[in-house]
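> Structure, please.
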Amino acid sequence: MAKIIAGERSGLIQLKRLRECTLDEAVAAWNSGFAGYYVDVSTTADKFLNRMYREDLSASLSIVAWVDGKPA
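Residues are numbered from 1 along each chain as shown. This next block holds a predicted model:
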């Protein structure tokens, strides 16, 4: 883990493989990561799984950042 300080956010950051996350945690990380974009790219669990399948994405090769114990 590493300590981050960025703007108004500070805390501990931890990296996990997507396969180590629950589906709800993965969706929360996606939605948090893309919040505030001009185009709404928020997703649901079903849409997330469909994207993983359609784009042949690997949960073993994908990384999720956690800040202070929450997917970010």
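
> Distance from the chain centre to stretch 32-51, please.
10 Å (C-alpha atoms, centre = their mean, to the nearest Å).

> what's the span of it from first residue to last?
Stretch 32-51 has an end-to-end distance of 17 Å (C-alpha to C-alpha, to the nearest Å).

> and that stretch, which residues are buried?
43, 48 (16 or more other C-beta atoms under 10 Å). Using the backbone N, CA and C atoms, a C-beta is placed for each residue, glycine as well.

> How much space separates the residue nearest the centre of the chain from residue 67?
When C-alpha atoms, centre = their mean is applied to the chain, the residue found nearest the centroid is residue 29 (2.7 Å). Separation of residue 29 from residue 67 (C-beta to C-beta, to the nearest Å): 10 Å.

> ranges for the helices of the chain?
For the chain, the helices defined by DSSP state H cover 23-33, 45-54.

> Touching the first one from outside, list them.
What it means is helix 23-33. Residues from elsewhere that reach helix 23-33 (C-beta atoms under 8 Å, 6 or more residues apart in numbering): 18, 21, 42-45, 48-49, 64-65, 70-72.
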